[in-house]
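Visitor: Coordinates only, no sequence provided:
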């Protein structure tokens, strides 16, 4: 009923589809993808999707409602409708295609309304209030040390060339088409204009780190921005899980494990630094 009221869409088949950390989704008649945000979350960056699509990037822009809006409400929760793009979630076996797509994003004109990168990381600093949480209490000293290191790196950051940055260019946000190439880049809510290092941290999450950077064409990277990006990503994902008490295993996989690998990853990244 919501789809008919808000989009004039009559749907016969609505199949649940995995969503993101703050969303859930359905495929409607294999023509539309319906994305609904969870309670307390609101859609961000929908206008930018239109602009990014206009730059020739593989970005799916949302449908407009009958009132010309980019999203609607189902009860108290926001939702949006997108053309359905057939594909599968990228894995590390797709690193070549993903690296090429990331380079395409970074080479796109900066003619898009995106905020500048913000290195203040308020969610990470709020994590200090959760150091007695049972998920991290036994490793509170590690968290303190990582936050202190992040603060120290922040003081060393210098201006570098800036590009369109997705900031969450992980496999879950990349769809691979039948031809093995990237069919769509999803979830641009956290996109900014910022250093390319704030996207390239993702290479450290897979085994083919060197191969990924070579396929991307990495060169002249900044080691301080890389260190900041690697630390911030691990701490940010840890904070999101602890403060919402969602995904206990992810505290280790996406938090502590990443933080523990920062120095070994930086050793490899330095081959590509100025």
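Guide: Arrived safely. As the structure is a computational prediction, the values presented were derived from the model and not from experiment.
Visitor: give me every residue that touches residue 58.
Guide: For residue 58, the contacting residues are 101, 182, 183, 184, 185, by Cβ atoms under 8 Å, 6 or more residues apart in numbering. To be clear about C-beta, it is placed using only N, CA and C from the backbone, and glycine gets the same treatment.
Visitor: Just say helix, strand or coil for the fourth one.
Guide: For residue 184, the reduced secondary structure class is strand; criterion used: DSSP: H, G, I helix; E, B strand; the rest coil.
Visitor: For it, which residues are in contact?
Guide: Counting by Cβ under 8 Å, 6+ apart, residue 184 makes contact with 58, 59, 60, 85, 87, 174, 175.
Visitor: at 7 Å what do you get?
Guide: Counting by Cβ atoms under 7 Å, 6 or more residues apart in numbering, residue 184 touches 58, 60, 85, 87, 175.
Visitor: Which of the contacts of residue 58 sits closest to residue 160?
Guide: residue 101 (21.7 Å; Cβ to Cβ).
Visitor: right, and the closest one touches residue 182 too?
Guide: Yes: shown here, residue 101 and residue 182 form a contact pair, counting by Cβ atoms under 7 Å, at 4.0 Å.
Visitor: what sits in contact with each of the two?
Guide: The contact sets of residue 101 and residue 182 overlap at 58, 174 (Cβ under 7 Å, 6+ apart).
Visitor: Can you lay out the contacts of residue 58 as JSON lines showing distance to residue 11 and pLDDT?
Guide: Shown next, in JSON lines, are these (distance: Cβ to Cβ, whole Å; pLDDT from 0 to 100):
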{"residue": "101", "distance to residue 11": "30", "pLDDT": "97"}
{"residue": "182", "distance to residue 11": "27", "pLDDT": "96"}
{"residue": "183", "distance to residue 11": "22", "pLDDT": "96"}
{"residue": "184", "distance to residue 11": "21", "pLDDT": "96"}
{"residue": "185", "distance to residue 11": "25", "pLDDT": "96"}
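Visitor: Tell me how many other residues surround the closest residue to residue 115 other than its chain neighbours.
Guide: Spatial nearest neighbour of residue 115, chain neighbours left out: residue 192 (5.6 Å); criterion: Cβ to Cβ, 6 or more residues apart in numbering. Residue 192: 19 surrounding residues under other Cβ atoms under 10 Å.
Visitor: quick one: contacts for residue 192?
Guide: Counting by Cβ under 7 Å, 6+ apart, residue 192 has contacts 114, 115, 116, 117, 165, 167.
Visitor: Just the buried subset of those residues, please.
Guide: Neighbour counting over the contacts of residue 192 (16 or more other Cβ atoms under 10 Å) leaves 114, 117, 165, 167 as the buried ones.
Visitor: coming back round to it: buried among the contacts of residue 58? Make that a ChimeraX selection.
Guide: Selection of buried members from the contacts of residue 58 for ChimeraX, criterion 16+ other Cβ under 10 Å:
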select :101,182,183,184,185
